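J.: coords please:
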Amino acid sequence: MIIMMNQDNFKPSWWNKFGKNEICGITQTRLRPGKYKNNKNRVIFLECKHGFYVRPLLIWIKNDMHIFPTCPNCRRVIDTSILKLIS
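T.: From the prediction side, this is the model:
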């Protein structure tokens, strides 16, 4: 006899905060909450609601060939005031 266990009972503690659908568009990995040692957040959500890890996003912005930095997912222009918060 095989007993199927419900997978919902074995979710990590951060699952309820970010869930399985929040993926970094740059690294293609699941976003997890937390802060770096300098007390800055690891994850940022842009105005277009796309979420990214901060460090890969900064690299993306540095290498972005557009006049204004754009979202890696939808190419919407990123508000420059947000750059002051994450750098």
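J.: OK, contacts around the spatially most central residue of the chain?
T.: The chain has residue 52 as the residue nearest its centroid, 2.4 Å off, counting by C-alpha atoms, centre = their mean. Residues near residue 52 by C-beta atoms under 8 Å, 6 or more residues apart in numbering: 24-26, 31, 43-46, 60, 72. In short, each C-beta sits where N, CA and C put it, glycine included.
J.: swap in 6 Å and give it another go.
T.: When contacts are counted by C-beta atoms under 6 Å, 6 or more residues apart in numbering, residue 52 touches 24, 26, 44.
J.: paired strands for the helix or strand containing the last one, with orientation please.
T.: Okay, so that is residue 44. Counting by DSSP states H and E, the element that carries residue 44 is strand 43-45. Strand 43-45 sits in its sheet next to strand 51-53 (antiparallel), going by DSSP bridges.
J.: how far does the partner strand sit from its chain's centre?
T.: 2 Å (C-alpha atoms, centre = their mean, to the nearest Å).
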